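Q: here is my input; please provide its structure:
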Amino acid sequence: MNLHTFYMILQQTLIITTFVIGMMMIIEYINVTTGGLMSKRLQKSPWIQIFFGAVMGIIPGCLGTYTIVSLYIHRVMSFSALIAALIATSGDEAFFMFSLFPSQALKITLILFVLAVVVGFIIEIFMKDRFIGGANEHNMPLHNDDDGCHHHHAVKSNLKNISFVRALLIVGCISILILIISGFIDGSHQLNILMGGQSEDSLLHDMTNAGHHVHSHDHDHGGEADWIRYTLTFMFVVILGIVIAAKDHFLEEHLWQHVIKVHLPKIFVWTFLVILALTVINMFVDVRNFVNANLFIVLSAAILIGIIPQSGPHLIFVILFAQGSIPLSILLASSIVQDGHGALPLLAESPKSFFISKGISAVLGLMIGIAGMIIGF
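A: Numbering: from 1, shown residues only. Now for the predicted structure:
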């Protein structure tokens, strides 16, 4: 591996991390500003609970899943609604999927939503115990200190009495916008090579031998680089507006303490390590041929790794799909089983609920994966 390849890996890591963190900031803002959405009226209809659980599950990141797990622990939501949320969620990996292959990510999200609702309804019909594992009943804490994200007409005051965090975030947003406009954050070259799983030499070789270049699961990244550039520009203009108008509490407690300090380092490190590892592996192993010859082994690994209640390990299947090395069915199976770290509070409060829910997800993921192999998707 030469220095140029290492630089490309680092640049691709920065592109993906910037996109993911930007989406997280906007999701955090939406979550806080709609903090009164949950209501005990949900308890009156288990069917609405299931739909609500599935909707919260498909929200990228851990916030939606945390909410449903919290509601379940406090006996507001039923186990069927919990299962719907856990099947629907892809955790933080959803951010990566929408950044790398948005059209396919939307398709996966819709499939997960339908599966979540159907399985939730089946469980509601046949399972009598609505709170498996003795989920504890507590009063539900839902951001009582968050009385909204911003004051109207507070922009001048925010800028006049600017805090260190606000100033840092403003500088960060403007710097990212400059990098996008200057072309440093572009991604067209990196997406076509790194996300295509090819080195520059192999790409040139394939271009001169197009008639012999066949990949069974290739994806076209041509327009996705433009999509990333335009979306990042719009996203960080919006975030800049949020940073200027929002309250100090929201910036410091939610964006800085939660998104930046907690998520950014892990996202950057995991993204860098996965892309680096796959790049090195691609130098010595024909990943596509190995996967095509061992689909069931790869499917089994996706399901077993999906049981881990942590964002990061599952990212390898997202990158493999982006490279065209695994079919949609395996990524879908991985997405069904894994919940990111959204299910960690469930493991702490009700281990029985955690393992039963994982068992249901694993069986469903295995069925979908095998069906996909048979059908050929």
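Q: not counting sequence-adjacent ones, nearest residue to Ile16?
A: Take Ile16 and drop its neighbours on the chain: the residue closest to it by Cβ to Cβ, 6 or more residues apart in numbering is Thr271, 5.2 Å away. Any C-beta I mention is one placed from the backbone N, CA and C, and that applies to glycine too.
Q: so the one you found sits against Leu14, correct?
A: No: using Cβ atoms under 8 Å, Thr271 makes no contact with Leu14, being 9.0 Å away.
Q: neighbour-wise, which of those two wins?
A: A count of neighbours by other Cβ atoms under 10 Å puts Thr271 above the other of Thr271 and Leu14, at 23 against 19.
Q: verify the contact between Ser335 and Leu112 for me.
A: Yes: the pair Ser335 and Leu112 passes the contact test of Cβ under 8 Å, sitting 6.0 Å apart.
Q: higher neighbour count, the two?
A: Set side by side, Ser335 and Leu112 show unequal neighbour counts under other Cβ under 10 Å, the larger going to Ser335 at 31 against 23.
Q: now do the buried residues in the helix of greatest length in the chain.
A: The longest helix of the chain (DSSP state H) is helix 3-33. Within helix 3-33, the residues that qualify as buried by neighbour count (16 or more other Cβ atoms under 10 Å) are 5, 8-9, 11-25, 27-29, 31-33.
Q: low-scoring stretches of the stretch 201-350 of the chain, by residue?
A: For the stretch 201-350 of the chain, the stretches with pLDDT under 70 are 201-228, 286-288, 311-312.
Q: does His258 touch Glu28 like I think?
A: Yes: with contacts counted by Cβ under 8 Å, His258 reaches Glu28, the gap being 6.7 Å.
Q: quick one, phi psi at Asp339?
A: According to degrees, to the nearest 10, the main-chain angles of Asp339 amount to phi -120, psi 20.
Q: relative to Leu304, how far out is it?
A: Asp339 is 14 Å from Leu304, where distance means Cβ to Cβ, to the nearest Å.
Q: these two: which has the busier surroundings?
A: Each of Asp339 and Leu304 has its neighbours counted (other Cβ under 10 Å); Asp339 has more, 32 against 11.
Q: wait, what's in contact with the more buried one?
A: 65, 86, 89, 91, 309, 361 (Cβ atoms under 8 Å, 6 or more residues apart in numbering).
Q: ok, what's across the strand from it?
A: Asp339 has the following beta-bridge partners by DSSP bridges: His341.
Q: got the phi and psi for Ser78?
A: Phi and psi for Ser78, reported as degrees, to the nearest 10, are phi -90, psi 170.
Q: am I right that it is in contact with Ile125?
A: No: using Cβ under 8 Å, Ser78 and Ile125 do not qualify as a contacting pair, with a distance of 11.9 Å.
Q: can you pick out the residue with more neighbours from these two?
A: Legend: neighbour count by other Cβ under 10 Å for Ser78 and Ile125, higher for Ser78 (26 against 9).
Q: separation between that one and Ala343?
A: Separation of Ser78 from Ala343 (Cβ to Cβ) stands at 16 Å.
Q: same deal with Ile87?
A: Ile87 sits at a distance of 11 Å from Ala343 (criterion: Cβ to Cβ).
Q: circling back to that earlier point, avg pLDDT for the longest helix of the chain?
A: Averaging pLDDT along helix 3-33 gives 78.
Q: what comes up buried for the next helix-or-strand element following it?
A: Heading C-terminal from helix 3-33, the first helix or strand you meet, by DSSP states H and E, is helix 46-57. By neighbour count with 16+ other Cβ under 10 Å, helix 46-57 contains the buried residues 46, 49-57.
Q: and the angle for helix 46-57 with helix 3-33?
A: With axes from the mean of the first three to the mean of the last three Cα atoms, to 10 degrees as the basis, helix 46-57 and helix 3-33 are set at 140 degrees to each other.
Q: ok, residues contacting helix 46-57?
A: Counting by Cβ under 8 Å, 6+ apart, the neighbours of helix 46-57 from elsewhere in the structure are 42-43, 64-65, 67-68, 77-78, 80-89, 112-113, 116-117, 120-121, 124, 130.
Q: which of those count as buried?
A: With burial judged by 16+ other Cβ under 10 Å, the buried subset of the contacts of helix 46-57 is 42, 64-65, 67-68, 77-78, 80-89, 112-113, 116-117, 120-121, 124, 130.
Q: what's the closest of the buried residues of helix 46-57 to Lys156?
A: Using Cβ to Cβ, Met56 is the member of the buried residues of helix 46-57 that sits closest to Lys156, with 36.4 Å.
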